[in-house]
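Colleague: Fold the following, please.
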Amino acid sequence: MSTAVAAIASAPAQRRPRRTWVGALIGVLLVLLTVLSVFVGVSDVSPAALLDGGRGSTAAFLLVASRAPRTIAVVLVGASLGIAGLIMQMLVRNKFVEPGTTGVTEFATFGMLLTMVLWPGMAVMGKMGVAAAFGLLGTWVFLRVIRAIPVRQLVLVPIVGIMLGGVVGSVTTFFAYRLDLLQSLGQWAQGSFSTVMQGRYELVWIAAAMVVVAWFAADRFSVVGLGEEFAVNLGLDYRRVVGIGMVIIAVITAAVLVTAGMIPFLGLVVPNVVSLIIGDNVRRAIPWVAGLSAVFVLACDILARVIRFPYEIPLSVIVGIIGAALFLWLLLRRRSHAH
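Modeller: Predicted coordinates for the structure are as follows:
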């Protein structure tokens, strides 16, 4: 069965030329932006300052305690969120969904609110666990709603998800307002890496581990994307694969939410761009999606730091503006191809 799954999953890749130069460009940009991210900031952490001050200098301390952890967190968050969007699109069989447009993020945020109310002293790992559990619940609810409401147009599926997320988000905001926790909740809901330091970013390694899990199950996700009946006819345990995908999405969403907050549109636009380049084979797409997502978030994070230097704009604002523009372009492109 596994041989058949791999053969079916790899079939679309053979019909598209390999875009090695695009992959090389993504790799070069990733390296350049990673290096640039380490040295961009208010404090001087330039190579000259590091060499002049030695290991005990302020520049060296800032590099180890702040700049390097922040850059690593940006790369891992970008890569993992892109993969979460890719897996969500395969499970739902819709190109216009991601955790932020299906209510998963709002469910995870509601879980965060519960920890603030019921267990205010809970450790960060515990908060992530609760958020992941509610994210898993949100994924299950969205899939059930989509099954119960047969929608024929692709654009209607994310609209249903946005409506679901809007309901849960409104409930979360209401209780946060009544309990005077809006400001605390806003700190988690606003996407930003300004508070990421050594000791506050390690949870994103769990999200990175989920990317590895997605890589091992990639062929099965490709087959699931062809439909339940087709997957079952191949002998695939459809419910088990969907369950693995739901866990991957929930854990990544929770880890990112606890570390940096909400980052919109990333898991939606990057997998679509990669699909235009190399097709829908998940195993081939995972390194492309991870690399391009990391490049995208790194570029947006650097822009957030330099546009109003020495002040910093929340990353979610930059990603939201650029991501919304790309989303509209994808919608218009699909509509023009449909005609």
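Colleague: hmm, what's the outermost residue in the chain?
Modeller: Asp52 (38.7 Å; Cα atoms, centre = their mean).
Colleague: Following the chain past the helix or strand where that residue lies, name the next helix or strand.
Modeller: Following DSSP states H and E, one finds Asp52 within helix 47-53. Downstream of helix 47-53, the first helix or strand assigned by DSSP H and E is helix 58-62.
Colleague: Grab the nearest non-local neighbour of Ala208.
Modeller: Leu76 (4.9 Å; Cβ to Cβ, 6 or more residues apart in numbering). C-beta: built from backbone N, CA, C; applies to glycine.
Colleague: quick one, helices of the stretch 151-300 of the chain?
Modeller: Secondary structure of the stretch 151-300 of the chain (DSSP state H, counting those that start in this stretch): helices located at 156-178, 182-189, 204-216, 218-224, 228-233, 238-259, 266-278, 282-306.
Colleague: how about those in TSV, adding distance to Trp21 and mean neighbour count?
Modeller: Formatted as TSV, the helices of the stretch 151-300 of the chain follow (distance: least, Cβ to Cβ, whole Å; neighbours: other Cβ atoms under 10 Å):
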stretch	distance to Trp21	mean neighbour count
helix 156-178	32	17
helix 182-189	39	15
helix 204-216	23	18
helix 218-224	23	24
helix 228-233	34	14
helix 238-259	30	23
helix 266-278	11	23
helix 282-306	13	23
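Colleague: Nearest to Phe107 among those would be which one?
Modeller: Nearest to Phe107 among the helices of the stretch 151-300 of the chain is helix 156-178 (5.7 Å), distances taken as Cβ to Cβ.
Colleague: as a whole number, average confidence for the closest one?
Modeller: Confidence for helix 156-178, expressed as mean pLDDT, is 86.
Colleague: Just the CA trace of that helix, in PDB.
Modeller: Taking C-alpha atoms only, helix 156-178 is exported to PDB below (Å, rounded to 0.1, in the frame of the first residue of the first chain):
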ATOM      1  CA  LEU A 156     -17.100  30.000   0.400                       C
ATOM      2  CA  VAL A 157     -15.100  27.500   2.500                       C
ATOM      3  CA  PRO A 158     -12.700  30.100   4.100                       C
ATOM      4  CA  ILE A 159     -15.700  32.400   4.500                       C
ATOM      5  CA  VAL A 160     -17.400  29.700   6.600                       C
ATOM      6  CA  GLY A 161     -14.200  29.400   8.500                       C
ATOM      7  CA  ILE A 162     -13.800  33.100   9.000                       C
ATOM      8  CA  MET A 163     -17.400  33.300  10.300                       C
ATOM      9  CA  LEU A 164     -16.700  30.400  12.700                       C
ATOM     10  CA  GLY A 165     -13.600  32.200  13.900                       C
ATOM     11  CA  GLY A 166     -15.500  35.400  14.200                       C
ATOM     12  CA  VAL A 167     -18.100  33.800  16.500                       C
ATOM     13  CA  VAL A 168     -15.400  32.300  18.800                       C
ATOM     14  CA  GLY A 169     -13.300  35.500  18.700                       C
ATOM     15  CA  SER A 170     -16.300  37.500  19.700                       C
ATOM     16  CA  VAL A 171     -17.000  35.200  22.700                       C
ATOM     17  CA  THR A 172     -13.300  35.400  23.700                       C
ATOM     18  CA  THR A 173     -13.300  39.200  23.400                       C
ATOM     19  CA  PHE A 174     -16.500  39.500  25.400                       C
ATOM     20  CA  PHE A 175     -15.200  37.400  28.300                       C
ATOM     21  CA  ALA A 176     -11.800  39.200  28.200                       C
ATOM     22  CA  TYR A 177     -13.600  42.600  28.400                       C
ATOM     23  CA  ARG A 178     -15.800  41.500  31.300                       C
END
